[in-house]
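In: Compute the structure for the input listed below.
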Amino acid sequence: MTAVDVKETHPLKVPDEDMLTEDGEHYDEVEKHWWVLPRKEIFISVFFGLLAFLELVLASVANHPFGIAMAILVIPVISLSCLRRKFFFYNSISRMATFLRVFWLIYVMILVCIRFASLRSYHKYDVFPERCYISMSGCTRLAAKSHRAEILSVPDLPYPKEHVREQVAQWLAKQPRMRVRTATSSYFHATRVSTFLGFTDDLAILLFCDVSSSYPNFLTTTHVWAQGELRIGYSDGGSNYRVVASLVNYLNAPQAFSEKPKASCTPN
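Out: Model (predicted):
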C-alpha cells in the first residue's frame, strides 16, 4: 500500500475554520460545556458586579437615574459574556461582548470617579454663599452683585415670604434630578446632577424682606436671590444659568400667585 493509498484510506480530518471558535475549539465541543466559565471570566464577572453595585449605591445617593440604569446594564453585559459560548455565531457574540464590557467599564469608572469627587460635604452652602467659589465660568449668581445673570432681574414679589417659599418649594419639586439638602423658612440648598455624566451642581436660594421697596401701596416685598454653581470642573455649559432663569420665570409668571392676596413681607 502506497503513501497515496494510506492518505486516501485514512484522510486527515481538518475542521473548517468557520466551525472553530476563537479559542480553536470546535462548536460541537463548545456546545457540551458552554456553561463552564473559565476562571478569568469568573473574576471579570465578579469585578463587574462589585463595580456595578458601587455605582448603583452612589447613583441612588446622587439621585442620578441614568447612572442607576448603567449599573443595571451590567446584567445583560455579564450574561452576554457568559452565554456567548452557546451560540453558533460565537465570533460575532464574542466581539460584541468585548465591546460592551470595555465601553461599560470605562463609562462606569468615569461615573464612579465623578461620584467620589462630588461626595465631599460642601459647608460653604450651609448658608447663602457670599460669592462664586469654584469657577466663574461654572457659576450663575443673581443677587445684589450678579454674575452671568445681568439680564435677569431679582424677583421683587409683593407677597409674604411664606407664600413665596411655597412657590419655590413647588418649583424645586418639579425639577428633574434635583434634591433638596437644606430647607428653612428663608433658605434652600439643593443639588442637581447632569443627565449623562452625573456632575453635581449646587443651588442656593435666599428669601428676605426688602424694607426699602418702592412698591405701590407701601408694601414690603419679598426678594429672592439665587446662585447655581458646579461642584467640580471648569465650565457648566450654561446649565446653572438656565436653572436660575427657570426659577425667576416661574416666580414672575402671572399664575404663580394668582390665588394669593398681596400683602407685606414680615421678617422673622
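In: Was I right to think residue 52 contacts residue 68?
Out: No. Between residue 52 and residue 68 no contact is recorded; they are 10.3 Å apart, counting by C-beta atoms under 8 Å. For every residue, glycine as well, the C-beta is placed using N, CA and C.
In: What ranges does this protein have for its strands?
Out: Counting by DSSP state E, one finds strands in the chain at the ranges 139-142, 156-157, 178-183, 187-193, 200-210, 221-230.
In: helices or strands up against the second one?
Out: Think strand 156-157. Packed against strand 156-157, as judged by 3 or more C-beta pairs under 8 Å, 6 or more residues apart in numbering; DSSP states H and E, are the following elements: strand 221-230.
In: Show the pLDDT at the closest residue to residue 180 other than its chain neighbours.
Out: Sequence neighbours aside, residue 190 is the residue nearest to residue 180 in space, at 4.8 Å (criterion: C-beta to C-beta, 6 or more residues apart in numbering). According to the model's per-residue confidence, residue 190 sits at a pLDDT of 95.
In: who touches residue 190 in this structure?
Out: Residues in contact with residue 190, defined by C-beta atoms under 8 Å, 6 or more residues apart in numbering, are 172, 175, 178, 179, 180, 181, 202, 203, 205.
In: how near is it to residue 240?
Out: Between residue 190 and residue 240 the computed distance is 12 Å (C-beta to C-beta, to the nearest Å).
In: shared neighbours of these two, which are they?
Out: Counting by C-beta under 8 Å, 6+ apart, the contacts common to residue 190 and residue 240 are residue 203.
In: Count residues in the vicinity of the closest residue to residue 197 other than its chain neighbours, would you?
Out: Computed as C-beta to C-beta, 6+ apart, the closest residue to residue 197 that is not its neighbour in sequence is residue 114, at 6.1 Å. In terms of burial, residue 114 registers 23 neighbours under the definition other C-beta atoms under 10 Å.
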